[in-house]
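> Sharing a sequence plus its predicted fold:
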Amino acid sequence: MSTRKEIEILARADLFSSPPKTDGGFWQNALDYCVNKIKSNIGVFKHLYPAPASVNGIYPLTGNTDWTSAFWPGMLFLAWENTGDEIFLKEGESYIPSFIARLDKPGETATHDLGFLYTLSCIASWRLTGNAPAREAALRAADLLLLRYHENAGIIQAWGDLDDPAQRGRAIIDCAMNLPLLYWAGGETGNPRYRRPAARHITTANQYLIRENWSAYHTYFFDTVTGKPLRGNTAQGYSDDSSWARGQAWGIYGNVLSYRYLKDPALRETARGLARYFLNRLPADLVSYWDLIFTEGPQERDSSAAACAVCGLLELSAALPAAEQDHHCFKNAALHIAASLARSYTTAASPQSTGLLFHGVYSKPDGKGVDECTVFGDYFYLEALTRICRIWEPYW
Ligand code: GLY
């Protein structure tokens with residue numbers, strides 16, 4: 001068990017002692033921009049799915065085959081919650097049969113990302129409309145996710161076949177966002193077999209994927225027979241010992257979501273430590289570089305990491321008592337980051353773009369989606385604005 005240092009001092013404590021100065025209507029205008037773009041995209045996407053990242057600001061269209069397929073229906077559901085306009089709900093619901101069908105395609109379910117996929121599609125649909133087949137599909141997805149759990153190591157394997165020597169026993173920080181599917185299934189069925197592996201995974205991940213200084217490895221290998229932790233390495237970050245920005249953001253949000261279900265104070269403290277590290281590594285405009293090893297210079301930003309962190313910080317702030325300074329600091333930090341995104345990162349000046357936020361990075365080491373719109377960045381930006389503008393019950 002690592003003995004982590006005292007959580008670092010928050011470098012921008014002065015800035016984060018108050019919210020950003022915004023004109024009346026600032027947040028609603030930001031939200032309206034997103035909702036209008038989503039409405040016009042309905043006619044462009046025509047029941048297909050935007051690819052994970054745009055090309056020159058325009059999303060190629062695909063089938064329901066990627067880990068990112070649910071972000072678009074998730075945005076449609078959010079747009080409906082914000083406007084009450086039935087077109088969004090009808091369109092969101094029209095995607096559910098394809099998520100039900102996907103469950104019978106083993107090549108497209110062999111991933112831990114079943115959480116992203118079924119939370120923002122079928123669970124959202126069930127929560128909002130009581131769609132019973134969507135609920136059944138999400139429960140089936142949870143069962144499939146459980147198959148990826150390695151009992152001896154106490155982790156859910158992220159990618160690939162369970163026998164693939166290159167992927168066997170690999171846990172990744174992103175998986176924290178997939179655990180709410182299991183917590184939800186446990187709550188729906190009353191069956192404890194969902195919650196225990198999820199709780200064990202987050203505990204193991206926090207023990208080994210988070211370093212002494214509260215930065216996160218992207219991935220970590222375990223021996224699935226002995227359970228022995230082997231080594232950390234990166235897939236989408238700059239180096240094995242750096243912190244990939246979106247991974248750090250997944251860690252913040254994922255831990256506080258686990259806290260929402262498990263109420264284990266250690267999870268909230270982990271989210272706090274990860275959040276402080278993230279906030280201490282931001283450049284002047286508060287939108288992180290694609291890897292937190294960079295704090296200035298010509299490298300690309302990752303607006304998706306910023307948007308996801310905003311959601312995590314808002315959830316973390318709400319999980320802390322109002323008497324704690326961090327309750328206010330984290331909320332103000334989230335608002336400052338979101339305001340920077342709204343002012344300087346949206347596609348508003350490029351009407352031909354089908355994205356919401358420019359300057360995201362999908363995978364820099366792979367040269368994929370570098371300095372582009374990302375469908376997950378767009379989703380979390382809309383979720384962040386929804387959280388800012390209204391009281392919102394998460395799909396997670
Ligand atoms: N979960 C994969 C990514 O964040 O790119």
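All right, it came through fine. Residues are numbered from 1 along each chain as shown.
> can you tell me if stretch 241-261 touches the ligand.
Yes - Stretch 241-261 comes into contact with the ligand (CB under 6 Å from any ligand atom), by way of residue 246. C-beta here means a position set from N, CA and C on the backbone, and glycine is covered the same way.
> Nearest to the ligand within the chain, name that residue for me.
Of all residues in the chain, residue 174 sits closest to the ligand, at 3.9 Å by CB to the nearest ligand atom.
> isn't that residue right next to residue 248, touching?
No - counting by CB atoms under 8 Å, residue 174 does not reach residue 248; the two are 10.8 Å apart.
> Not counting residues beside it along the chain, what's closest to the residue of the chain closest to the ligand?
Nearest residue to residue 174 in three dimensions, chain neighbours excluded: residue 250, at 4.7 Å (CB to CB, 6 or more residues apart in numbering).
> ok, now residue 326?
Residue 326 sits nearest to residue 320 (CB to CB, 6+ apart), 5.4 Å away.
> Please name the residues that touch that neighbour.
Applying CB atoms under 8 Å, 6 or more residues apart in numbering, we find residue 320 in contact with 268, 272, 326, 327, 330.
> all helices of this structure, in order?
Using DSSP state H, the helices of the chain run over 26-45, 71-83, 86-94, 96-102, 114-118, 124-129, 132-146, 179-189, 195-208, 245-262, 265-280, 303-319, 325-344, 375-389.
> Tell me, how many residues neighbour residue 21?
7 (other CB atoms under 10 Å).
> Show me the shaky parts of the stretch 1-150 of the chain.
For the stretch 1-150 of the chain, the stretches flagged by pLDDT under 70 are 1-3.
> So which of the contacts of residue 320 is surrounded by the most neighbours?
Most surrounded of the contacts of residue 320: other CB under 10 Å gives residue 330, at 29 neighbours.
> per-residue confidence at that residue?
Residue 330 carries a pLDDT value of 98.
> That one is in contact with residue 317, isn't it?
Yes - assessed by CB under 8 Å, residue 330 is found in contact with residue 317 at 4.1 Å.
> rewinding a little: so who does the residue of the chain closest to the ligand touch?
112, 113, 158, 246, 247, 250, 254.
> can you tell me which two in those are farthest apart?
Within the contacts of residue 174, 112 and 246 form the most distant pair, 15.4 Å apart (CB to CB).
> quick one: stretch 234-249 to chain centroid distance?
15 Å (CA atoms, centre = their mean, to the nearest Å).
> From residue 49, how far off is residue 138?
According to CB to CB, to the nearest Å, residue 138 and residue 49 sit 18 Å apart.
> who has more neighbours, those two?
Legend: neighbour count by other CB under 10 Å for residue 138 and residue 49, higher for residue 138 (29 against 23).
> I'd guessed that one sits against residue 118; true?
Yes - assessed by CB under 8 Å, residue 138 is found in contact with residue 118 at 4.6 Å.
> Between those two, which contacts overlap?
By CB under 8 Å, 6+ apart, the residues touching both residue 138 and residue 118 are residue 181.
> The ligand contacts on the stretch 151-300 of the chain?
So far as CB under 6 Å from any ligand atom goes, the stretch 151-300 of the chain lies against the ligand at 174, 236, 246.
> give me the number of residues near the second one?
Here the number of neighbours of residue 236 (other CB under 10 Å) works out to 22.
> what about the closest residue to it other than its chain neighbours, distance to residue 110?
Residue nearest to residue 236 in three dimensions, not counting chain neighbours: residue 363, with 4.7 Å by CB to CB, 6+ apart. Residue 363 sits 19 Å away from residue 110, going by CB to CB.
> got a list of what the residue nearest to residue 174 touches?
Counting by CB under 8 Å, 6+ apart, residue 250 has contacts 173, 174, 176, 177, 308.
> quick one: which of those residues is nearest residue 57?
residue 308 (20.3 Å).
> correct me, but that closest one touches residue 378?
No - using CB under 8 Å, residue 308 is not in contact with residue 378, being 11.2 Å away.
> Much appreciated, bye for now.
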